[in-house]
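Peer 1: Quick one, structure for this:
(chains A and B, ligands or ions: 2)
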Amino acid sequence: MRKMSDWGNYPVIDAEVFGFETPEELKTRLGSLDKVIAYGNGRSYGDASLQENMLLTRRFNKLLSFDETTGELCCQAGVMLSEILEVFVPRGWFLPVTPGTKLITVGGAIAADVHGKNHHKEGAFGQHIISMDVMRNDGSIVTCSPLENADFFNLTVGGMGLAGVILHATFRLHPIETAYIREETIRAANLAEIMDCFEASDDWTYSVAWIDCLAKGDAMGRSIMMRGEHARAAELVQHFRKGAPLNLKPGLKLGVPVTFPNFALNKLTMNAFNFAYYNKCRPGTHTRVCDYNSFFYPLDAIANWNRIYGTRGFTQYQFVIPKAAGREGMGTILSRITESGLGSFLAVLKLFGEQQSFMSFPMAGYTLALDFPISLKALELFKELDAMVADFGGRLYLAKDSRMDAEMFSKTYPNADEFKQAITMLNEGAPKFESLQSKRIGITE
Amino acid sequence: MKNVLILGATSDIAQAIAKKYAAEGWSLTLAALEPGLLGPIASDLEIRGDATVQTLEFDALDFSSHRKFYESIETKPDAAICVFGYMGDQDKARTDFDEVARTIGVNFTGAVSILNIVAEDFEKRGSGAIAGVSSVAGDRGRQSNYTYGSAKAGFTAYLSGLRNRLAKSGVHVMTVKPGFVRTKMTESLELPAALTAEPVQVADVVFQGLEKKRNTVYTLWMWRWVMLVIRHIPEFIFKKMKL
Ligand SMILES: Cc1cc2nc3c(=O)[nH]c(=O)nc-3n(C[C@H](O)[C@H](O)[C@H](O)COP(=O)(O)OP(=O)(O)OC[C@H]3O[C@@H](n4cnc5c(N)ncnc54)[C@H](O)[C@@H]3O)c2cc1C
Ligand SMILES: NC(=O)c1ccc[n+]([C@@H]2O[C@H](COP(=O)([O-])OP(=O)(O)OC[C@H]3O[C@@H](n4cnc5c(N)ncnc54)[C@H](OP(=O)(O)O)[C@@H]3O)[C@@H](O)[C@H]2O)c1
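Peer 2: Ligands and ions are numbered 1, 2, ... in the order given. From the prediction side, this is the model:
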């Protein structure tokens, strides 16, 4: 038995855990369990990879083949994005899509169909899968792609581990000239300004905004937009960079050594943090060239930063609402959050592009993500926010969720019923793939 | 190009060590009980760093095969790292002597058998480095794992004697004493996060340690002090403790 949790440390459960190194070993293991769920690196926030029996995929982590001409990589699903970057950035290749942390597995990236700052250009991670092998509950292996066994493929991408265990995946890396990003930073005084800014940034490969959720009145929605492009070799000015455009010096790793007491993160400290962040950026537009780690993964530089939320844990409330509802909807929801005073020090706003996947989270529209320490008040607030999100035609991201109810899920995911039926059929016979989340939101019962 | 021989190469600690050496530009000879498992490990190393990898079958318990095994290696290594081990089941070991024999056979006798042969070659060549992965469990016998602990204690004593013998012939011997490491051996156990190393941390310490010719290294470093305290608890108190 081990104490297991995902990134938000809420909930924490006692679980039996099982690793595996070969498909045969996994097959034997499946034969001895009645229910189970895959666990990658536990970077989802809630309970999507939690269950009394968990399959740890991290030791199933070998690179199997790489084509230097096309950038096509085939690897086992326990490989972390960080390892891929470490190996391939120096050779001039980058991930087609990356979330705001590189400490996730390929399996987790597919199961949650993760999105990045380039969603409006490149879609989510699943869109880049050329082919993958997935083990079903009876131990058989299904090879699937958008063309082969397409229905099963659609249940796996964004399917949160419920259709089977992803074993191997093949996808294409993107060529880069340097390990650097040319970044432009723009300060926006309020919500209308930042939305204008997103709409004007459609040509940029990467765009995202940090939004101060505690600012009220005219300043509500004040934010900083960061947009970027992979820097060309010719754009590097400093000599050390020019000499080795694809190589970075190992960075300093900070850490949060202990779990903070629960009172550490109060309103005062959060206000101070948000304010300092906003004012660090002077008005107008600023350009700099920074390494990819500081552009994509600023938080990864602080190991275990989740511990500052104390033992009660935290969650992230991430929703998306359609673009048409965006201006009005975001204003209404944001002002409710601001008014509650429970807001967070990490709030991220992004404009997604079109996506028509079967189960995935993204849709053309605005998404906002905020961290909240767990409290009764916050949980009550989420209920209110759920109603607003549903009214505007939006939905919540399963990878971040630890508390949504079954009604909210089936109301907001258009294919919820079909997905549920398909998973029930696939789960016939033992074992069944089930997580605390899938049970709570009524996909499995 | 220098070559490292890794014995017990499918272990998680060994895999991390292999990655480290490959990244430092060494060629690798990987030996393990299940050579079938070495295929993906080798392809992974080749993709990560253009490493040259040779894989071989090796059973620590098949003592009489060890000389032939070593002779079959084409490129004789510049460094040999003995990583294999077997934790065993202490409760079973109370009544089942096969479990005891296996625990001692893998952790002690098998390791001594193969390292004697490696040492002979290194001594003749007048160079080379040997690292043996023992354990803090060998620093003092505790009721929860004293069969494993006593085998590792024996291995630690062996490594210290070997170091003493080979010092004059330019061959260096290093004892590695991990505390808790998150590997398949400990996967199902609840371990205290602050005292638990990742395999890659052990790998870094092993590589740096051999480069700097250290004699005994602990991973994580605080285990040196934890074990100092544990070794000095008076026996009349220690014997009543639940450890
Ligand atoms: C700081 C931070 C920033 C983040 N930023 C973003 C972001 O920008 N965009 C975004 O989309 N997400 C983001 N996330 C969320 C994260 O990318 C996803 O939750 C991702 O799924 C985590 O992957 P993991 O390997 O840790 O898997 P886990 O969290 O362990 O599991 C996630 C889901 O994947 C399933 N799964 C894992 N491996 C397999 C497998 N081999 N086969 C089948 N199912 C499997 C699990 O069952 C579970 O349902 C962020 C998370 C953090 C902590
Ligand atoms: N993990 C810890 O907390 C910890 C702490 C202190 C010391 N150590 C030591 O560190 C070393 C590596 O262990 P690990 O943690 O990496 O665990 P591991 O992954 O379980 O490694 C043990 C390895 O030993 C191999 N082995 C067992 N019997 C063998 C035999 N007869 N012949 C050849 N190889 C054999 C196993 O091969 P198969 O998998 O094919 O059986 C396995 O690869 C061991 O010596 C262990 O005692 C570990």
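Peer 1: burial of the residue lying closest to A:Tyr309 once chain neighbours are set aside, as a residue count?
Peer 2: Of all residues not flanking A:Tyr309 in the chain, A:Pro373 sits nearest, at 5.3 Å (Cβ to Cβ, 6 or more residues apart in numbering or on different chains). Every C-beta, even on glycine, is put in place using the N, C-alpha and C of the backbone. Per other Cβ atoms under 10 Å in any protein chain shown, the neighbour tally for A:Pro373 reads 22.
Peer 1: okay, A:Pro373: pLDDT?
Peer 2: Per-residue pLDDT puts A:Pro373 at 91.
Peer 1: try A:Leu248
Peer 2: A:Leu248 carries a pLDDT value of 87.
Peer 1: Spell out which helix or strand contains it, please.
Peer 2: In this assignment (DSSP states H and E), A:Leu248 forms part of neither any helix nor any strand.
Peer 1: thought it was touching A:Ser294?
Peer 2: No: assessed by Cβ atoms under 8 Å, A:Leu248 is found out of contact with A:Ser294, at 9.9 Å.
Peer 1: Need the residues touching each of these two.
Peer 2: Common contact partners of A:Leu248 and A:Ser294 (Cβ atoms under 8 Å, 6 or more residues apart in numbering or on different chains): none.
Peer 1: what does stretch A:422-435 contact?
Peer 2: Counting by Cβ under 8 Å, 6+ apart, A:30, A:33-38, A:47-51, A:53, A:136-138, A:151, A:155, A:159-165, A:438, A:443-444 sit against stretch A:422-435.
Peer 1: secondary structure class for the residue nearest to A:Met330 when sequence neighbours are not counted?
Peer 2: Excluding its sequence neighbours, the residue lying closest to A:Met330 (Cβ to Cβ, 6+ apart) is A:Tyr366, at 5.5 Å. What DSSP: H, G, I helix; E, B strand; the rest coil gives for A:Tyr366 is strand.
Peer 1: Hmm, A:Val348 and A:Tyr366 touching each other?
Peer 2: No: assessed by Cβ under 8 Å, A:Tyr366 is found out of contact with A:Val348, at 11.1 Å.
Peer 1: Look at these two and report which has more neighbours.
Peer 2: Neighbours of A:Tyr366 and A:Val348, each counted by other Cβ under 10 Å, are more numerous for A:Tyr366; the result is 26 against 18.
Peer 1: How much space separates that one from A:Asp391?
Peer 2: Separation of A:Tyr366 from A:Asp391 (Cβ to Cβ, to the nearest Å): 15 Å.
Peer 1: Also A:Ala233?
Peer 2: A:Ala233 is 49 Å from A:Asp391, by Cβ to Cβ.
Peer 1: now swap in A:Ala422 and tell me
Peer 2: 28 Å.
Peer 1: More neighbours: which of these two?
Peer 2: Between A:Ala422 and A:Asp391, counted using other Cβ under 10 Å, A:Ala422 has the larger neighbour count: 21 against 13.
Peer 1: Work out for me the element the more buried one sits within.
Peer 2: helix A:416-426.
Peer 1: Please see if whichever helix or strand comes after that helix touches ligand 1.
Peer 2: As assigned by DSSP H and E, the chain's next helix or strand after helix A:416-426 is strand A:432-433. No: using Cβ under 6 Å from any ligand atom, strand A:432-433 stays clear of ligand 1, with a minimum separation of 7.9 Å.
Peer 1: How about stretch A:17-36?
Peer 2: No: between stretch A:17-36 and ligand 1, judged by Cβ under 6 Å from any ligand atom, nothing touches; the nearest distance is 9.6 Å.
Peer 1: What is the distance between that stretch and the centre of its chain?
Peer 2: Computed by Cα atoms, centre = their mean, to the nearest Å, the chain-centroid distance of stretch A:17-36 equals 26 Å.
Peer 1: Same check on stretch B:110-117?
Peer 2: Taking Cα atoms, centre = their mean, one finds stretch B:110-117 lying 12 Å from the centre of the chain it belongs to.
Peer 1: ok, is the helix ranked longest in chain B in contact with ligand 2 or not?
Peer 2: Of all the segments of type helix in chain B, defined by DSSP state H, the longest one is helix B:146-166. No: with Cβ under 6 Å from any ligand atom as the criterion, ligand 2 is not reached by helix B:146-166; the gap is at least 6.7 Å.
Peer 1: any idea which helix or strand comes after that helix?
Peer 2: Defined by DSSP H and E, the subsequent element after helix B:146-166 is strand B:172-178.
Peer 1: Now do the next helix or strand after that next one, average pLDDT.
Peer 2: Per DSSP H and E, the first helix or strand lying C-terminal to strand B:172-178 is strand B:180-181. Summarised as a single mean, pLDDT over strand B:180-181 is 96.
Peer 1: circling back to that earlier point, anything in the helix holding A:Ala422 near ligand 1?
Peer 2: No: applying Cβ under 6 Å from any ligand atom, one finds helix A:416-426 out of contact with ligand 1, separated by at least 12.3 Å.
Peer 1: Report the backbone C-alpha coordinates of that helix in CSV.
Peer 2: The C-alpha coordinates for helix A:416-426 follow below in CSV (Å, rounded to 0.1, in the frame of the first residue of the first chain):
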residue,chain,number,x,y,z
ALA,A,416,-20.9,11.9,-22.8
ASP,A,417,-23.6,9.3,-23.2
GLU,A,418,-22.0,7.6,-26.2
PHE,A,419,-18.7,7.5,-24.5
LYS,A,420,-20.2,6.0,-21.4
GLN,A,421,-21.9,3.2,-23.5
ALA,A,422,-18.7,2.5,-25.4
ILE,A,423,-16.6,2.3,-22.3
THR,A,424,-19.2,0.0,-20.6
MET,A,425,-18.9,-2.3,-23.6
LEU,A,426,-15.1,-2.3,-23.7
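Peer 1: Up against ligand 1, what does chain A have?
Peer 2: So chain A meets ligand 1 at A:6-7, A:37-44, A:48-49, A:57, A:77, A:99-101, A:104-105, A:107-108, A:111-112, A:114-116, A:160-161, A:165-166, A:299, A:399, A:435 (Cβ under 6 Å from any ligand atom).
Peer 1: For PyMOL, write the selection for the buried entries among these.
Peer 2: Command for PyMOL, covering only those of these found buried under the criterion 16 or more other Cβ atoms under 10 Å in any protein chain shown:
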select buried, chain A and resi 6+7+37+38+39+40+41+42+43+44+48+49+57+77+99+100+101+104+105+107+108+111+112+114+115+116+160+161+165+166+399+435
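Peer 1: in the helix or strand containing A:Glu384, what's buried?
Peer 2: Element membership for A:Glu384 (DSSP H and E) is helix A:376-391. By neighbour count on 16+ other Cβ under 10 Å, the buried set for helix A:376-391 is A:378, A:381-382, A:385-386, A:389-390.
Peer 1: a markdown table for those residues, including distance to B:Arg125 and pLDDT?
Peer 2: Listed next are the buried residues of helix A:376-391 as a markdown table, based on distance: Cβ to Cβ, whole Å; pLDDT from 0 to 100:
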| residue | distance to B:Arg125 | pLDDT |
| --- | --- | --- |
| A:Ala378 | 67 | 94 |
| A:Leu381 | 72 | 97 |
| A:Phe382 | 69 | 97 |
| A:Leu385 | 71 | 97 |
| A:Asp386 | 72 | 98 |
| A:Val389 | 71 | 98 |
| A:Ala390 | 74 | 98 |
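Peer 1: any chance of the residues you listed in a markdown table, plus distance to A:Glu21?
Peer 2: Below are those laid out as a markdown table (distance: Cβ to Cβ, whole Å):
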| residue | distance to A:Glu21 |
| --- | --- |
| A:Ala378 | 41 |
| A:Leu381 | 44 |
| A:Phe382 | 40 |
| A:Leu385 | 43 |
| A:Asp386 | 41 |
| A:Val389 | 42 |
| A:Ala390 | 44 |
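Peer 1: Looking at those, which is nearest B:Tyr158?
Peer 2: A:Ala378 (58.5 Å; Cβ to Cβ).
Peer 1: Near chain A, which residues of chain B are found?
Peer 2: Counting by Cβ under 8 Å from any Cβ of the partner chain, the residues of chain B close to chain A are B:10, B:12, B:37, B:40-41, B:43-44, B:47-49, B:184, B:187-190, B:194.
Peer 1: let's see 7 Å
Peer 2: Counting by Cβ under 7 Å from any Cβ of the partner chain, chain B comes close to chain A at B:12, B:37, B:40-41, B:43-44, B:47-48, B:184, B:187-190.
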